[in-house]
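3D model of this:
(4 chains)
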Number of protein chains: 4
Amino acid sequence: MNASEQLAELGRDFHRRGWALGTSGNFSTVIERDPLRIAITASSLDKSRLSAEHILEIDGHGKVLPPTHGTPSAETLLHLAIVRTVGAGAVLHTHSVWSTILSDYYIGQGGFFIEGYEMLKGLEGVRTHDHREWLPIIENSQDMEALSAETHLMLEADSNIHGFLIRRHGLYTWGKDLSEAARHVEILEFLLESVGRRHMMEPQY
Amino acid sequence: MNASEQLAELGRDFHRRGWALGTSGNFSTVIERDPLRIAITASSLDKSRLSAEHILEIDGHGKVLPPTHGTPSAETLLHLAIVRTVGAGAVLHTHSVWSTILSDYYIGQGGFFIEGYEMLKGLEGVRTHDHREWLPIIENSQDMEALSAETHLMLEADSNIHGFLIRRHGLYTWGKDLSEAARHVEILEFLLESVGRRHMMEPQY
Amino acid sequence: MNASEQLAELGRDFHRRGWALGTSGNFSTVIERDPLRIAITASSLDKSRLSAEHILEIDGHGKVLPPTHGTPSAETLLHLAIVRTVGAGAVLHTHSVWSTILSDYYIGQGGFFIEGYEMLKGLEGVRTHDHREWLPIIENSQDMEALSAETHLMLEADSNIHGFLIRRHGLYTWGKDLSEAARHVEILEFLLESVGRRHMMEPQY
Amino acid sequence: MNASEQLAELGRDFHRRGWALGTSGNFSTVIERDPLRIAITASSLDKSRLSAEHILEIDGHGKVLPPTHGTPSAETLLHLAIVRTVGAGAVLHTHSVWSTILSDYYIGQGGFFIEGYEMLKGLEGVRTHDHREWLPIIENSQDMEALSAETHLMLEADSNIHGFLIRRHGLYTWGKDLSEAARHVEILEFLLESVGRRHMMEPQY
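Reported below is the predicted structural model:
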């Protein structure tokens, strides 16, 4: 499978799992570094029917490259900021119920720690459950230039994170390639559900 | 696929997702505006086995048009009221657990606001998460003339809404065509689950 | 499909939906009334791999009839008691998480009412949501003669019920045929989940 | 199907059910007792794509036997400890949300009882719901020698248990063969979800 087919298959799978309902979710993977070329989902698509023809190729300024054509995801600038700042090879944005409500619940403290879970070892570079993962939350905005600038600053300030939440908007994570990024989605979605349900068992927790 | 096949496929998918269990749920799409002709699910069907032959064609008075025959959904008048009042091209009624319990929990205030969620942008015409969507709730009734008259008045009074709940009965939403209406179901079901679980994390919320 | 194939397909579907995990769940359908002949699942089967050969035929005393052979479900006497007392054409026992925990939570009051839900109309003979359905709970026991005698007395005393729970053991429901009984499972499982989650939103409810 | 194909199919099924996300979960089955030979999943695999070629054969010291090659699961020593101490024919480690959060919630008391549930009868040797199953919890560790030694001592001290939890890490269970072990996973995951949700209905419970 080529990059477009892989992104399309991933999108359909994420829709089925409730992580990319409606037209939510957008996914990209780096095709070439220099000059930068990225495959990314087009804007406003129903992910349950995503196919390779819905994947566009863009350059480092977000300009669509022929022979593909269309409007790339509205969040293209965020993908580019992440690719550039952390050197990611793939960026995935999902929009699950748990990421949505936790990003709202913990906004007051700017994020939260996920700590002591074995599942953390599924995050690149984490070797033990005895790890404290900070998951930052940024306020949502429709100003993509501002949001991508904020993302860039956040990633520069803390290069140890593996993802972040946008308030009431979901999760961004990445990896050196699509397979690692997809694993990070599974890991973080599992941890978000665990944190949420753990809290419900013992609200003062 | 023609309209009947599309409605049947949608019904089976909604059953699988728990939104149309038992014989619940009914779905319609406008075939012609003038004179009005609508394709709608027949009454009392198991949606897991819905096929094109279970879809009837009716006129603007709810009369079944040949060559189709059978009894249209008991809630046909509601579909007609929505089609006429907001000019919808498709109307979908689902019956999930979350719509059922939230329609009961918030009945005392006649509805509730869904506010600040990025997912709201999946609703037609909403351009920002910074939006306040009112989801009205009306009391359930077996008197379909009364219920459709109430629906008509509610939709005339507030043309900005994208759906409403009937108490302990589920969700009605619509769209300019079947695809938009189906997206509205996904969006609203996601938001209902988010509102419900958010409340459970912090009951005073 | 014959009765055995239908029961096997239903069992696999119920397993997939989490209603018949491990070796739980047993299902029967009446083949002939006089003399009574019933198709019923054999004992201790993994329902994910249920096939027609796992369905036995028994007489009114629970004796296995050739050419089928094997051990019928341990709960055969309960199926026979229900078939005889209410004249059911099919009896289904499922074992979901929600039926398990609600049967424990409400044991002190011997059952609970499910009231005001539109979904109640999926139960045979119920014509309005404005209905009060009593769902009795009986204590669990490994003494099947005692349990079936208690079931018989309960069903004689209240012929209006559509199912009952056994404490921490799950749901029994039935219908005039397999299709109606299967619809009753879907309806009651939906209502149990709704009652449970409604309670969690507002514990004093 | 041979042992490798069976383990691979089980792994894909467990991934689909959310019990082996990311690279979590590991599974083994005994091929020969004397000298001990075990089929076990290789380390760090995405279980959604598990195939027979990902299954290694090891001896009683954890050494990989030709013609298979690769790195066996990091938790191989735990599998060996369980096989030896209780004579298991198959060992399965799953990593669900419910096992993760209950293993954290009850760590202070070293485990918890699961009691009075009919589903307990799906555990080998349990004949009645009137049974009190102790599910021990041990602290998580990356020191596999220490963890397997602790496991060995725990299993020697209490030969009646059917599984145990590792804190924030999930469930270990086993059986005389793969089919029994897989049933134990289904049974225990069902019971964990039931215990967790039961608690949420009534926090003082």
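
contacts, neighbours, all on C-alpha from now
OK.

SS state for the closest residue to chain C within chain A?
Of all residues in chain A, residue A:200 sits closest to chain C, at 10.1 Å by CA to the nearest CA. Look at residue A:200: counting by DSSP: H, G, I helix; E, B strand; the rest coil, its state is helix.

show me the contacts for the residue lying closest to it once chain neighbours are set aside.
Nearest residue to residue A:200, sequence neighbours excluded (CA to CA, 6 or more residues apart in numbering or on different chains): residue B:201, at 5.8 Å. Residue B:201 makes contacts with A:196, A:199-200, A:203, as judged by CA atoms under 8 Å, 6 or more residues apart in numbering or on different chains.

and these, which is closest to residue C:13?
For these, the residue nearest residue C:13 by CA to CA is residue A:196; the value is 29.8 Å.

can you confirm the closest one is in a helix?
Yes: when classified by three-state DSSP, residue A:196 is found to be part of a helix.

wait, it touches residue A:97, no?
No: Residue A:196 is beyond contact range of residue A:97, at 10.4 Å (criterion: CA atoms under 8 Å).

so is the residue nearest in space to the middle of chain A in a helix, a strand, or just coil?
In chain A, the residue lying closest to the centroid (CA atoms, centre = their mean) is residue A:172, at 2.4 Å. Secondary structure, three-state DSSP: residue A:172 is strand.

for beta bridges, what are the partners of it?
As for beta bridges, residue A:172 partners with residue A:93, residue A:164 under DSSP bridges.

is it true that it touches residue A:93?
Yes: the pair residue A:172 / residue A:93 is scored as a contact, 4.5 Å apart, by CA under 8 Å.

now do the shared contacts for those two.
Shared contacts of residue A:172 and residue A:93, counting by CA under 8 Å, 6+ apart, come down to nothing at all.

picking that back up, dump the residue contacts of the residue of chain A closest to chain C.
Taking CA under 8 Å, 6+ apart as the test, what residue A:200 contacts is B:200-201, D:200.

neighbour-wise, which of residue A:196 and residue A:97 wins?
Higher neighbour count among residue A:196 and residue A:97: residue A:97, with 25 against 22, using other CA atoms under 10 Å in any protein chain shown.

get me the contact residues on chain A for chain D.
A:116-119, A:122, A:128-129, A:183-184, A:186-187, A:190, A:193-194, A:197-198, A:200-202 (CA under 8 Å from any CA of the partner chain).

just the buried residues out of these, in PyMOL syntax.
This is how PyMOL selects the buried members of the residues of chain A next to chain D, with burial counted by 16 or more other CA atoms under 10 Å in any protein chain shown:
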select buried, chain A and resi 116+117+118+119+122+128+129+183+184+186+187+190+193+194+197+198+200+201
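
isn't residue A:60 right up against residue A:36?
Yes: counting by CA under 8 Å, residue A:60 touches residue A:36, with 5.2 Å between them.

before we move on, back to that, now for the contacts of residue B:201: which two are most distant?
The most widely separated members of these, counting by CA to CA, are A:196 and A:203 (9.8 Å).

how much space between residue A:14 and residue A:185?
10 Å (CA to CA, to the nearest Å).

kindly report the same for residue A:11.
Counting by CA to CA, the gap from residue A:11 to residue A:185 is 12 Å.

residue A:60: neighbour count?
18.

now it: phi and psi?
When read as degrees, to the nearest 10, the backbone of residue A:60 gives phi -70, psi -10.

gap between stretch A:125-144 and the chain center?
11 Å (CA atoms, centre = their mean, to the nearest Å).

so which bits of it are buried?
A:126, A:128-131, A:133-138, A:140-141.

ends of that stretch, what's the gap?
This stretch, stretch A:125-144, spans 30 Å end to end (CA to CA).

now the end-to-end length of stretch A:67-87.
End to end - CA to CA - stretch A:67-87 spans 26 Å.

buried residues, that stretch. List them.
A:69, A:71-73, A:75-83, A:86.

same check on stretch A:155-173?
A:155, A:161-173.

ranges for the helices of chain A?
With DSSP state H as the criterion, chain A has helices at A:3-16, A:76-86, A:97-105, A:144-157, A:178-201.

tell me the gap between the first one and the middle of its chain.
Centroid displacement of helix A:3-16 relative to its chain, using CA atoms, centre = their mean, is 14 Å.

and that helix, what does it pack onto?
strand A:26-32, strand A:37-41, strand A:55-59 (3 or more CA pairs under 8 Å, 6 or more residues apart in numbering or on different chains; DSSP states H and E).

ranking those strands by mean neighbour count, which comes first?
Ranked by mean neighbour count, the helices and strands packed on helix A:3-16 are led by strand A:37-41 with a mean of 27 (mean count of other CA atoms under 10 Å in any protein chain shown).

packing partners for that strand?
Secondary elements touching strand A:37-41 (3+ CA pairs under 8 Å, 6+ apart): helix A:3-16, strand A:26-32, strand A:55-59.

output the helices and strands packed on helix A:3-16 as JSON lines; include the columns mean pLDDT and distance to residue C:177.
JSON lines is the format used below for the helices and strands packed on helix A:3-16 (pLDDT from 0 to 100; distance: least, CA to CA, whole Å):
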{"stretch": "strand A:26-32", "mean pLDDT": "97", "distance to residue C:177": "48"}
{"stretch": "strand A:37-41", "mean pLDDT": "97", "distance to residue C:177": "49"}
{"stretch": "strand A:55-59", "mean pLDDT": "96", "distance to residue C:177": "50"}
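
format these as CSV; extra columns: distance to residue B:149.
Formatted as CSV, the helices and strands packed on helix A:3-16 follow (distance: least, CA to CA, whole Å):
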stretch, distance to residue B:149
strand A:26-32, 42
strand A:37-41, 44
strand A:55-59, 46
